[in-house]
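**Student:** Dropping a prediction and its sequence here:
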Amino acid sequence: MNPSRALLPFVLALLIAAPAWPAPPPGADRLQAAMIYNLAKFVRWPRSHRNRELRLCLVNASPVAEQLRSVSGRPVAGRRLNVDAAAARLSRCDVQVYGVDAVPLAAAERGILTIGTNPDFLNAGGMIALAVVDKKLVFDVHLTRLREAGLDLSAEALALARSVHR
């Protein structure tokens, strides 16, 4: 597939987030869900994960939960997305999404991506933090943590990040 075509959904999600709004923006949960879904498309997953569904689990992410449930069943990097709002064991998740009042419970296990809607999520040990800055939805990436977990994020996605910590 043409790389610029593959990047199109991600860029469109970012353009949707571009209009100005008072903080917190109305519909921020929808925009955050779109960002999370599109970021998952640009993660390079370990080979051992490629032939099974992509399980996304929510930890105190209630404002975003309903929006993420609406994309359950859709494809992500050739895998079917399964959104689980009540995961009993987070270690069985491929993506852990933390709400604004939640921080990662522990260092992420191999093959697990952590995304938080708290702007301080990276300082708390997370991999990708979503935030509203200057009335726009942005994301920051801790690339070292991603790679330590056996994951990587495409260069196209990294180029769109507000900051990349190494």
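**Tutor:** Thanks, I have it. Everything numeric here is computed off the predicted structure, so don't read it as measured data. Residues are numbered from 1 along each chain as shown.
**Student:** Make sure L39 is indeed in a helix.
**Tutor:** Yes - secondary structure of L39 (DSSP: H, G, I helix; E, B strand; the rest coil): part of a helix.
**Student:** And the pLDDT for it?
**Tutor:** Looking at L39, its pLDDT stands at 96.
**Student:** Kindly report the same for R30.
**Tutor:** pLDDT for R30: 89.
**Student:** residues contacting the closest residue to it other than its chain neighbours?
**Tutor:** Spatial nearest neighbour of R30, excluding adjacent residues (CB to CB, 6 or more residues apart in numbering): Q67 at 5.0 Å. Where you see a C-beta, it was placed from the backbone N, CA and C, and this is true even at glycine. Neighbouring residues of Q67 by CB atoms under 8 Å, 6 or more residues apart in numbering: 29-30, 32-34.
**Student:** Take the residues you listed and write them to CSV, including distance to L137.
**Tutor:** Compiled in CSV, the contacts of Q67 are given as follows (distance: CB to CB, whole Å):
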residue, distance to L137
D29, 11
R30, 10
Q32, 7
A33, 11
A34, 9
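**Student:** if you go through this protein in chain order, where are the helices?
**Tutor:** 3-16, 28-41, 62-69, 143-148, 155-160 (DSSP state H).
**Student:** what's the fourth one packed up against?
**Tutor:** Under the contact criterion of 3 or more CB pairs under 8 Å, 6 or more residues apart in numbering; DSSP states H and E, the helices and strands touching helix 143-148 comprise strand 152-153, strand 163-165.
**Student:** and L122, which of these is closest to it?
**Tutor:** strand 163-165 (6.3 Å; CB to CB).
**Student:** what packs against the closest one?
**Tutor:** So strand 163-165, by 3+ CB pairs under 8 Å, 6+ apart, packs with strand 136-142, helix 143-148.
**Student:** Can you show me the CA trace of the last one as CSV?
**Tutor:** This file holds the C-alpha atoms of helix 143-148, laid out as CSV (Å, rounded to 0.1, in the frame of the first residue of the first chain):
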residue,chain,number,x,y,z
LEU,A,143,9.9,6.0,22.4
THR,A,144,12.3,4.2,24.7
ARG,A,145,9.4,2.7,26.7
LEU,A,146,7.7,1.6,23.5
ARG,A,147,10.8,-0.1,22.3
GLU,A,148,11.5,-1.7,25.7
